[in-house]
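1. Any chance you could fold what I've pasted below:
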Amino acid sequence: MIEEKIAILDLGSYKIKILVISLNKNNYIDIHSKYSTFSSGIKKGNVVDIEKLSEQIKFCLSSIEKEINQKISEIYVGINSIDFNFLTFGLSRNIGSYEIEEKKDLQNLINLAFGIFKDNLKTNKVIHFLNSGFYLDKKNYVENPLGLRSKTLDINFSFLSLDKNIILNYNKAITKAGLNIKKYFYSPFATSILSSDQDTIEKGFTNIDFGFDKTCITFFENSKLLYSNIIPIGSNHINNDLIRAAGVNKDLAEKIKLNYDKILENNFDKSILIGKDDRKISSEIITKIIDARLEEIVEYIYKNILYCRSLNRSARKIIVTGGGAELKILSSKLSKKLNTDVEHAKQTFPIKNTEFNIFSDYMVCLGIAKLIFFPFKDEIKGFSSQNKNFFEKFYSMFLK
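-> Presented below is the predicted three-dimensional model:
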């Protein structure tokens, strides 16, 4: 794929973004074109109007194609539906103290895991299928069991999936825009992979992506994706609270939110707190409204961390991303609640063209690019099978 242009589409609830990139011979990303526009026809990560969404995609596409003077026919797509399902379970195989083989031992467990998933979630489509850990004789963790001897082999499998109807709605909107879908990606997974380097993934961390209408939490332990969940509360809920409780309009609510850290420090333009009919808005009321919502978000995050038993593990390192990450008070509250440092994502991906803030503005697209060019080693890859009576697809951990 060296120097081959690929197009990546990020379907967010706030903005739709397209990035056209390639990987050069030095393993740096070259940026050929970018475009973003406010979303239409999508809410909480689901399609609510196929025509509107399709038109917005076409609008982005036409601008991109004009700039690069090339027709785009295929695209990779990042989605972040509130209805994503995360499922983990383990399977065991008796080895009998022989050497573990890929085809006989690993492939058997992979096929069995996928079959169990299909039998129990018939209406769901797998977006990511992951190996979440190998264990020999029930207790000994290993990175690669091939060739090792043990009495038993246990593997934990993780699935990120969506209802097939949600995917079909996306398919229709995207194909109406004249595009073929190469692959779907779970956006928080892509963002997490981009926001951390290999050392951070190996040691474990928690990525909190504070978005427009939802907050995504993703945990990594020992280089494995441990868990991911979406909280249906985002930065737009702060705006709505201000509109309802403080009686401000949409534009003023956004301005107050963006300047909230300065308001707390009493270092802001006082005209910000002048509402309609020249009515002055109390900074104390603003503080109560925003703090209440932020406390709610932090509490949800804390409960998810407790659920994963990650308080003194992956939650020792917190990386925040998303538009809401600009609120310093959110990081401060998280740090205090979890008794740990909270960091913003740093650029760890080699991007040649840095004339604009490509990293923070196009994190999902770049995260997908990283997964395409440098695949996550624990993702179980799918490939077509000739034997249609068995599975629609076979899967392999070590398929090149």
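
2. C-alpha from now on. contacts and neighbour counts both.
-> Will do.

3. and stretch 333-348, how far out from the chain's middle?
-> Here the centre of stretch 333-348 is set off from its chain's centre by 18 Å, with CA atoms, centre = their mean, to the nearest Å.

4. now what about it, what contacts it?
-> Under the contact criterion CA atoms under 8 Å, 6 or more residues apart in numbering, stretch 333-348 has outside partners 194-197, 295, 298, 302, 311, 315-321, 325, 331-332, 359.

5. List the ones among the residues you listed that fall in helices.
-> Of these, the ones assigned to helices by DSSP state H are 194, 295, 298, 302, 331-332, 359.

6. From those, pick the one nearest Tyr135.
-> Minimum distance to Tyr135 across the ones in helices among the contacts of stretch 333-348 is 27.9 Å, recorded for Leu194 (CA to CA).

7. number of nearby residues for the closest one?
-> Counted with other CA atoms under 10 Å, the neighbours of Leu194 add up to 24.

8. same question, Glu284
-> By other CA under 10 Å, 10 other residues sit near Glu284.

9. where exactly do the helices run in the chain?
-> 50-68, 107-120, 164-176, 187-194, 198-203, 235-246, 250-258, 260-264, 283-307, 328-338, 358-361, 363-373.

10. Pick out the shakiest of those, pLDDT-wise.
-> Here the lowest mean pLDDT among those goes to helix 358-361, at a mean of 78.

11. what residues are up against the residue nearest the centre of the chain?
-> Centroid-nearest residue in the chain, with CA atoms, centre = their mean: Pro188, separated by 1.0 Å. Each residue near Pro188 by CA under 8 Å, 6+ apart is listed here: 80, 209, 216-218, 364.

12. could you dump these to TSV with neighbour count and distance to Lys34?
-> Compiled in TSV, the contacts of Pro188 are given as follows (neighbours: other CA atoms under 10 Å; distance: CA to CA, whole Å):
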residue	neighbour count	distance to Lys34
Asn80	22	20
Asp209	24	22
Cys216	25	25
Ile217	23	27
Thr218	23	27
Val364	33	13
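
13. Can you flag which of these belong to strands?
-> The members of those that map onto strands under DSSP state E are 209, 216-218.

14. Quick check: of the residues you listed, which lies closest to Leu112?
-> Using CA to CA, Thr218 is the member of the ones in strands among the contacts of Pro188 that lies nearest Leu112, at 26.2 Å.

15. So what's the residue count around the nearest residue to that closest one once chain neighbours are set aside?
-> Closest residue in space to Thr218, ignoring its immediate chain neighbours: Ser228 at 4.3 Å, by CA to CA, 6 or more residues apart in numbering. For Ser228, the count of nearby residues is 22 (other CA under 10 Å).

16. Cheers, nothing more for now.
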